[in-house]
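**Q** build the 3D model from these lines:
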Amino acid sequence: AEQIQGLNPKLIDEAGIPRVTYCKPEVASVGLTEAAAKEKYGSAQTLVYDLAGNGKSKILKTSGGVKVVKAPDGPVVGMTLVGERVGELIGEAQLIYNWEAFPEDVAPLIHAHPTQTEAIGEAFLALAGKPLHVHG
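**A** All right, here's what the predicted structure looks like:
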């Protein structure tokens, strides 16, 4: 519609559209998988934060994790989350991916406690070399 109006809209990065599979447990992702990132960049750095270290996930009695994929010497290029209610976390993951954030950009952000969004914060603290709670 914007293009028809002559507004010259920004092209949509299809990989930046969040994906959620509503199953038990839920699976949510945005950006590239580890395999796709390795194919595109030749290598990729990954980190998986185990939900066992997340207080809200313990309350919900869920397991799973947050996987962050980073380009070599570059920004975050993908995130995959597995666990109950992780579809609710994909909005923050989408922002991180689409703004081409580096782990060091996200690590200082404070996440409310106890929430599952803390798992994203913890993953980025660890990826930035400042792990706070490491489990699994």
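**Q** was I right about Tyr97 contacting Gly31?
**A** Yes: counting by Cβ atoms under 8 Å, Tyr97 touches Gly31, with 4.3 Å between them. All C-beta atoms are positioned from the backbone trio N, CA, C, and that covers glycine.
**Q** list the residues that contact both of these two?
**A** Both Tyr97 and Gly31 are contacted by 15-16, 76-79, under the criterion Cβ atoms under 8 Å, 6 or more residues apart in numbering.
**Q** closest to the centroid, which residue in the protein?
**A** Among the residues of the chain, Met79 comes closest to the average C-alpha position under Cα atoms, centre = their mean, at 3.5 Å.
**Q** and that one, how far is that from Ala1?
**A** Going from Met79 to Ala1 by Cβ to Cβ, to the nearest Å gives 29 Å.
**Q** can you check Trp99 too?
**A** Per Cβ to Cβ, Trp99 is found 25 Å from Ala1.
**Q** same thing with Ala107?
**A** Separation of Ala107 from Ala1 (Cβ to Cβ): 38 Å.
**Q** comparing those two, which residue is more hemmed in?
**A** Legend: neighbour count by other Cβ atoms under 10 Å for Ala107 and Ala1, higher for Ala107 (19 against 6).
**Q** quick check: closest non-adjacent residue to that one.
**A** Closest residue to Ala107 apart from its sequence neighbours, by Cβ to Cβ, 6 or more residues apart in numbering: Ala128 at 3.9 Å.
**Q** so what's the residue count around that neighbour?
**A** For Ala128, the count of nearby residues is 16 (other Cβ under 10 Å).
**Q** residues touching it, list them.
**A** Remark: with contacts taken as Cβ under 8 Å, 6+ apart, Ala128 is in contact with 103-104, 106-107.
**Q** could you rerun that using 7 Å?
**A** Shown in contact with Ala128 (Cβ atoms under 7 Å, 6 or more residues apart in numbering): 103-104, 107.
**Q** just Pro114 next, same as before
**A** Counting by Cβ under 7 Å, 6+ apart, the residues that Pro114 touches are 55-56, 59.
**Q** mind running it again at 8 Å?
**A** Contacts of Pro114 (Cβ under 8 Å, 6+ apart): 54-56, 59.
**Q** looking at those, which is nearest His113?
**A** Lowest distance from His113 to these (Cβ to Cβ) belongs to Gly55, with 6.6 Å.
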